[in-house]
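Participant: Please work out how this folds:
(chains A and B)
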Amino acid sequence: MEITGDHHFKAPRDKVWQALLDRQALQASMPGCERFEEVSPESYDLTIRVGIAAIKGTYTGNVQVKDLDEARQTYRLLVAGSGKPGHVQGDAVMHLTDIPGGTLVSYTGEVKAQGAIARLGSRLLGGAAKLMIGQFFKAMEKQVEARTT
Amino acid sequence: MTSIADRPTLPKLIGERVKRREDPRLIQGRATYVDDLKVAGMLHLAFKRSDIAHGKIRSIDIAAAAAMPGVELVITGAQLAEFLAPMPIGTPFPSPAHYAVATDTVRYQGEPVAVVVASDRYLARDAADAIEVEFDPLPAVINLEQAMTGQPTVIHADFPNNLAVPYVPGGTGVDAVAGTVDNTAIDKAFADAEIVISQRMMNHRLAPSAMEPRGVLAHFEPGKEQMTIWSSTQNPHILKTFIAAMTGLSETQVRAIAPEVGGGFGAKINIYGEEYAAAALSKKLGVPLKWVEDRSEAFQATIHGRDILCYIDVAARRDGKVLGLKLKLIADIGAYNMLLTAAIPTLTMLMLNGTYDIPAVRAELTEVFTNKTPTDAYRGAGRPEAAYFVERAMDMLARELGMDPADVRKKNFIQPSQFPYATQMGAVYDSGDYEKALNLALKNANWDGLKAERDRARSEGRLVGLGLAFYVEVCGLGPSASLPTGGWEHAGVTIERGGKITATTGSSPHGQGNETTFAQMLADQFSIPMSDVTILHGDTGVVKQGIGTFGSRSQAVGGTVLMLAGDKVKKKMAKFAAAMMDANENDLVFENGMISVKGSPGTGKSFAEVASYAYVPVPLPAGLEPGLSDEAFWEPENNTYPFGCHIAMLEIDRETGEPKLLKLVAVDDCGTVINPMIVEGQVHGGLAQGIGQAMIEEVVYDEDGQLITGSFMDYAIPRATDFPWFEMDKTVTPTPVNPLGAKGVGEAGTLGSTPCIVNAAVDALSGFGVKHIDMMLRPEKLWNIINGGTA
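Facilitator: Presented below is the predicted three-dimensional model:
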């Protein structure tokens, strides 16, 4: 399932870029994050708890930042997680651009599910992903704020 | 002597709308299903299933599950395979090994990989969830036509290009025995054609969705060395034979019981891995083991139906006469062969002549493995697919020629004088009067009036369409040559000492109402009240032999053999009565609970008196043995071929693309009718499932083989509010292949309804230049056509 969207930060692009790639900021922004461990630079193991309908459960998985291109202000985010309801995989390209009064972070990617999540929650998946991405950016806003003030 | 005048006259029951005697217990929740059964010491099974469609099992970690209190055993597929062989199939086609629980590779999402035995059902499920399986994923083979080229991979090493059954030709010019193919006739048909219609059509995958999911309780008693297995099955005798073979027991050591069964629709013909695993583990552990499927498992692990792709070419003259049909059928059978999997598309092949006298019909069948749940028999089992392809094609021909769809059919019908009619596909149709049924449907629907109504609606800008379809199907299976299990049925009739009748039938009803129809028959046969007749079924400890209930065979085959067993007992009873009355047995009549001399209705013996004498025969009449009980086996010399005509009116919302069924008229001919109410109920159910396929039901996998219609939230089965009032009627053309004249009706409703609805949808959207729409009629698809896109 394709997922695209964007989020508007009221902060300069370099600050947003830094925060998005910062271990602590990432950990603090992951919705329902219970564990966050760096396994190698730009790769983190984590446990998150999701409380949304058919995909409710505790997921353990990994987040990786790849293809980091500071000059073009883009990178790839790979997410994989498994829990009782099944397995979820996400692959998104993030792109930062300057806009008046701040920074626009746009993303375009794909979410795949296996198991009960696919069987029972496929039509909830898009909505749930959007919801969680929204929560992530909201929390990240606070992280950016903390870093700019 | 009792006077017959004292007795009320018993009404004849055959042909009457007798209410189903099964229903009070069913609607009051007083029936006993597998899930209701409890045996002392019983433990519960749960299956760990694959979340991926295709992959090698790298490791299975059972430690956490095995450590849970109350868990008695956790066993992997490889461990189970040490004492449980691959599952047998019932078709002669080559088949890859299929273990009850996967040993090293999983090939569809939902395939079991391990089994838990625990003290409680929910604990067993929790423990199954705690099993960690690591896979090395393989590419999922999902696209049917890509699969045929061996892409993206081959599922079973011994089946190149994923071909389970490769390119089997059939029909005109094909001599299967000699292995020769002569194209002269089919080539001539197409050379002579004034018009050729070609179309690709998909008859998509469905989930049978019986109200009661599957369930099994296996109880091996080590002391007696006897296995009792209760299962929600359509054929306990076949279950008994297969369970015995797979557990190393003799058939004399296995008793199979189908208690109340809440629907099967063909899906419960199979003997599934869960049943074999329960039996094998019960024998190993010496304890009763129970497993009941949940709905989520049913979507993944109970067989699916249909899923056949068809390329059809119709050669015809401009006057509507069809000269030839060419078809290429490609069946997506999923990951494995189940009991009858490979045979189902051969039934599609068999019925490709439809109801038409076509000089040349040639088909080619290919069956293909994919990483999906295996397919097998589902209500109609291969015949709805044939009816759909042929009836869509006839409709396309009518539209192309600007003819009324009824006229094109009349132009090509096999005529009553041509029966028995040997088709190009190898079937011999028993009897039929197709034009009569078509005319009745046209009259009941007020066809010309409907056309005017449609045209009026169109002039107002509404998208209204009319569709008609005519079907023939093969039922009453069958001679033994047509079934690997044997095509007979068995019945027993015992007249008890008090004059009541206990009868057994090898047909094992699961919603068909045979406790009622069979009691009606025996009540008439002996002229006793129906309340004095009890029909027992579904227990191999009680019913000596049997085949089961499928292929609309219960009445035609099971009903006939019951009548024959009844005749035997009746003859013997007449001998006892003759001895009592010092009369000639041939002069006796059974009437209103009395046996008396023909022409002397005032005298006679009551049925009960004669029965009582037969069990305490003092003196024993010469040449007679005590008792009144007998049995019969019988098989028909041919299948039966019921038929009918369905007409639909449908409107599509111009703004949303949503279709609404406005009218459905059905005329079905199933030969002699024992109970019209039950026949109508069967047609209702078939219509519901046929309409469901056309309009809202569809099993969908994503490109990775994930089943994304895994619950009733996403797999839509129709509800009462989705239907108009069904306007039903019948013609009666008895079959000559059994003495009852009954043909079978359980599947009929699914055959005519599906194509007539799609025909109506194409008619409704004909203004947009559309010639064919693949089912299901998704509003999005219809909206696209309305808005200038393609189907």
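
Participant: drop to CA atoms for contacts and neighbour counts, all remaining ones
Facilitator: OK.

Participant: List the contacts of stretch B:118-131.
Facilitator: For stretch B:118-131, contacts defined as CA atoms under 8 Å, 6 or more residues apart in numbering or on different chains pick out A:84, B:42-48, B:60-66, B:68, B:70-73, B:114-117.

Participant: Return the distance of it from the chain's centre.
Facilitator: Offset of stretch B:118-131 from its chain centre (CA atoms, centre = their mean, to the nearest Å): 34 Å.

Participant: Show me which residues of it are buried.
Facilitator: Of the residues in stretch B:118-131, B:118-121, B:123-131 count as buried by neighbour count, 16 or more other CA atoms under 10 Å in any protein chain shown.

Participant: buried stuff in stretch B:100-112?
Facilitator: Of all the residues in stretch B:100-112, those buried under the rule 16+ other CA under 10 Å are B:Ala100, B:Val101, B:Ala102, B:Thr103, B:Thr105, B:Val106, B:Arg107, B:Tyr108, B:Gln109, B:Gly110, B:Glu111, B:Pro112.

Participant: which of the contacts of stretch B:118-131 count as buried?
Facilitator: In the contacts of stretch B:118-131, burial by neighbour count holds for A:84, B:42-48, B:60, B:62, B:65-66, B:71-73, B:114-117, counting by 16+ other CA under 10 Å.

Participant: Among these, which are located in strands?
Facilitator: B:43-48, B:60, B:71-73, B:114-117 (DSSP state E).

Participant: which one of these sits closest to B:Ser612?
Facilitator: Lowest distance from B:Ser612 to these (CA to CA) belongs to B:Leu43, with 46.4 Å.

Participant: who's in contact with the closest one?
Facilitator: When contacts are counted by CA under 8 Å, 6+ apart, B:Leu43 is found next to B:Val117, B:Ala118, B:Ser119, B:Asp120, B:Arg121, B:Val287, B:Pro288, B:Leu289, B:Lys290.

Participant: pLDDT score for residue 53?
Facilitator: Defaulting to chain A. We have a pLDDT of 70 for A:Ala53.

Participant: Hmm, no, I was thinking of chain B.
Facilitator: Model confidence at B:Ala53, given as pLDDT, is 97.

Participant: Downstream of the longest helix along chain B, the next helix or strand is which one?
Facilitator: Under DSSP state H, the helix in chain B containing the largest number of residues is helix B:560-581. Moving toward the C-terminus from helix B:560-581, the first helix or strand encountered (DSSP states H and E) is strand B:588-591.

Participant: related to what we said a few turns ago, which two in the ones in strands among the buried ones among the contacts of stretch B:118-131 are spaced the farthest apart?
Facilitator: Using CA to CA for every pair in those, the one that comes out farthest apart is B:Leu43 and B:Ile60, at 22.8 Å.

Participant: So is the top helix by length along chain A next to chain B?
Facilitator: Among all segments of chain A classified by DSSP H, the helix with the greatest residue count is helix A:116-148. Yes - applying CA under 8 Å from any CA of the partner chain, one finds helix A:116-148 touching chain B at A:Ala116, A:Ala118, A:Arg119, A:Leu120, A:Ser122.

Participant: quick check, nearest of those to chain B?
Facilitator: Set against chain B, the nearest of the residues of helix A:116-148 next to chain B by CA to the nearest CA is A:Arg119 (4.1 Å).

Participant: so that closest one touches B:Phe712, yeah?
Facilitator: No - between A:Arg119 and B:Phe712 there is no contact, the gap being 10.2 Å when judged by CA atoms under 8 Å.

Participant: Can you tell me how far B:Arg497 is from B:Ala622?
Facilitator: B:Arg497 is 20 Å from B:Ala622, where distance means CA to CA, to the nearest Å.

Participant: Neighbour count: these two, which is higher?
Facilitator: When B:Arg497 and B:Ala622 are compared for neighbours, B:Arg497 comes out ahead with 18 against 7, by other CA atoms under 10 Å in any protein chain shown.

Participant: what's near enough to touch that one?
Facilitator: Taking CA under 8 Å, 6+ apart as the definition of contact, the neighbours of B:Arg497 are B:Ala608, B:Ala611, B:Ser612, B:Ala614, B:Tyr615.

Participant: let's see it at 7 Å
Facilitator: Counting by CA atoms under 7 Å, 6 or more residues apart in numbering or on different chains, B:Arg497 touches B:Ala611, B:Ser612, B:Tyr615.

Participant: related to what we said a few turns ago, just the closest of the buried residues of stretch B:118-131 to chain A, please.
Facilitator: Within the buried residues of stretch B:118-131, distances to chain A taken as CA to the nearest CA reach their minimum at B:Asp129, with 6.8 Å.

Participant: Name the SS class of the closest one, please.
Facilitator: The local conformation at B:Asp129, judged by DSSP: H, G, I helix; E, B strand; the rest coil, is helix.

Participant: Kindly state the pLDDT recorded for it?
Facilitator: Reading off the confidence values, B:Asp129 has pLDDT 92.

Participant: residues from chain A in reach of chain B?
Facilitator: Residues of chain A lying close to chain B by CA under 7 Å from any CA of the partner chain are A:Lys84, A:Gly86, A:Gln114, A:Gly115, A:Ala118, A:Arg119, A:Leu120, A:Ser122.

Participant: Looking at these, which is nearest B:Leu740?
Facilitator: Checking the residues of chain A next to chain B one by one against B:Leu740 (CA to CA), the nearest turns out to be A:Arg119, at 47.0 Å.

Participant: Show me which residues of the stretch 101-250 of chain B are close to chain A?
Facilitator: If contact is defined as CA under 7 Å from any CA, the residues of the stretch 101-250 of chain B in contact with chain A are B:Asp129.

Participant: mind running it again at 6 Å?
Facilitator: Taking CA under 6 Å from any CA of the partner chain as the test, the list of the stretch 101-250 of chain B residues beside chain A is empty.

Participant: Could you tell me how many residues sit around the residue lying closest to B:Gln146 once chain neighbours are set aside?
Facilitator: With CA to CA, 6 or more residues apart in numbering or on different chains as the measure, B:Pro152 is the residue that lies nearest to B:Gln146, at 7.4 Å, once sequence neighbours are left out. Other residues near B:Pro152 number 16, with proximity taken as other CA under 10 Å.

Participant: Which elements pack onto the strand or helix carrying A:Gln27?
Facilitator: When secondary structure is defined using DSSP H and E, the element that contains A:Gln27 is helix A:23-29. The criterion is 3 or more CA pairs under 6 Å, 6 or more residues apart in numbering or on different chains; DSSP states H and E, and the helices and strands that helix A:23-29 contacts are helix A:116-148.

Participant: list the buried ones in the helix it packs on?
Facilitator: By 16+ other CA under 10 Å, the buried positions in helix A:116-148 come out as A:116-123, A:125-126, A:128, A:132-141, A:143-145.

Participant: now swap in stretch B:522-532 and tell me
Facilitator: Residues of stretch B:522-532 classed as buried by neighbour count (16+ other CA under 10 Å): B:Leu522, B:Ala523, B:Asp524, B:Gln525, B:Phe526, B:Ser527, B:Ile528, B:Pro529, B:Met530.

Participant: gap between the two ends of that stretch?
Facilitator: According to CA to CA, stretch B:522-532 extends 10 Å from its N-terminal end residue to its C-terminal end residue.

Participant: wouldn't B:Val428 be in contact with B:Val472 here?
Facilitator: No - under the criterion of CA atoms under 6 Å, B:Val428 makes no contact with B:Val472, lying 11.9 Å away.

Participant: neighbour count winner among the two?
Facilitator: Between B:Val428 and B:Val472, counted using other CA under 10 Å, B:Val472 has the larger neighbour count: 29 against 17.

Participant: Now that one. Nearest residue, chain neighbours left out?
Facilitator: Spatial nearest neighbour of B:Val472, excluding adjacent residues (CA to CA, 6+ apart): B:Phe643 at 4.2 Å.

Participant: quick one: contacts for that neighbour?
Facilitator: Contacts were defined as CA atoms under 6 Å, 6 or more residues apart in numbering or on different chains; by that measure B:Phe643 touches B:Tyr471, B:Val472, B:Asp669.

Participant: just those now: which is nearest chain A?
Facilitator: Taking CA to the nearest CA as the measure, chain A lies nearest B:Tyr471 of the contacts of B:Phe643, at 35.1 Å.
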